[in-house]
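J.: could you work out the structure for the sequence below:
(2 chains)
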Amino acid sequence: SQTIHQWPATLVQPVGSPLSLECTVEGTSNPNLYWYRQAAGRGLQLLFYSVGIGQISSEVPQNLSASRPQDRQFILSSKKLLLSDSGFYLCATGTGRYEQYFGPGTRLTVT
Amino acid sequence: LAKTTQPISMDSYEGQEVNITCSHNNIATNDYITWYQQFPSQGPRFIIQGYKTKVTNEVASLFIPADRKSSTLSLPRVSLSDTAVYYCLVGAAGNKLTFGGGTRVLVKP
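T.: Okay, the predicted model is just below:
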């Protein structure tokens, strides 16, 4: 079965600071990988998805970026955080049947 | 991607059956209907998926009428631990998931 690791679990960063969130996947190869953000009390917003190494598609224009340096590693980054970047960030991997498995998430607070 | 509409919230009591209906009027021929459950500070968890008629697993049942323009997630005999947000999604294999606001289910003692 697939296991998704995310770290850190929580993060408090000042406005203007850089960001790097990491996601790694076990138990599968060549997975589709996704980054979502969830604001407090809201639904999930798809930020990026990747179908392979170096292949990134962005869903929403923003000051975030994503990279996939290895098959089972997905990184979310920012050069300068905004207050609006606060939220719950979730990494997910998908199967071909529209079923996704989510990691434990990272709670980011930008102050 | 087909847009879905579901109630914002529902209250229930322990031991009752909870039925959440989702509307998806523009569902496409190759779209599946998938439901997720999310507890606070956790990622969503896949509950059930179906294409037509009825699907049942150890957690829930999914009822889909012949026109497939709606679906109903049925949670039998809920407990306090079933308090969560439930999301209805519609899409085809390989497509990106689009989450709406979901339905907040509160189970009371």
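J.: report whether stretch B:101-109 contacts chain A.
T.: Yes - interface with chain A: stretch B:101-109 contributes B:Gly101, B:Gly102 (CB under 8 Å from any CB of the partner chain). For glycine as for every other residue, the C-beta is placed from the backbone atoms N, C-alpha and C.
J.: what's that stretch in contact with?
T.: With contact meaning CB atoms under 8 Å, 6 or more residues apart in numbering or on different chains, stretch B:101-109 is reached by A:42-43, B:6-14, B:18, B:20, B:38, B:75, B:78-88.
J.: got the buried residues for it?
T.: Neighbour counts over stretch B:101-109 (16 or more other CB atoms under 10 Å in any protein chain shown) mark B:Gly101, B:Gly102, B:Thr103, B:Arg104, B:Val105, B:Val107 as buried.
J.: out of the contacts of stretch B:101-109, which end up buried?
T.: Among the contacts of stretch B:101-109, those buried by neighbour count (16+ other CB under 10 Å) are A:43, B:6, B:12, B:18, B:20, B:38, B:75, B:78, B:82-88.
J.: closest to A:Gly105 among these?
T.: For those, the minimum distance to A:Gly105 (CB to CB) is 10.3 Å, reached by B:Gln38.
J.: quickly note the distance from the closest one to B:Thr103.
T.: 11 Å (CB to CB, to the nearest Å).
J.: need the overlap of contacts for those two.
T.: Contact criterion CB under 8 Å, 6+ apart; residues shared by B:Gln38 and B:Thr103: B:Val85, B:Tyr86, B:Tyr87.
J.: find me the pLDDT at residue 7, would you?
T.: Picking chain A for this. With respect to pLDDT, A:Trp7 has a value of 94.
J.: switch to chain B, please.
T.: pLDDT, read off for B:Pro7, is 96.
J.: quick check: bridge partners of the nearest residue to it once chain neighbours are set aside?
T.: Distances taken as CB to CB, 6 or more residues apart in numbering or on different chains put B:Thr103 closest to B:Pro7, at 5.2 Å, once the chain neighbours are dropped. Applying DSSP bridges to B:Thr103 gives these bridge partners: B:Tyr86.
J.: quick one: contacts for A:Leu33?
T.: Residues in contact with A:Leu33, defined by CB under 8 Å, 6+ apart, are A:Cys23, A:Val25, A:Tyr49, A:Ser50, A:Arg68, A:Phe74, A:Cys91, A:Ala92, A:Thr93, A:Gly94.
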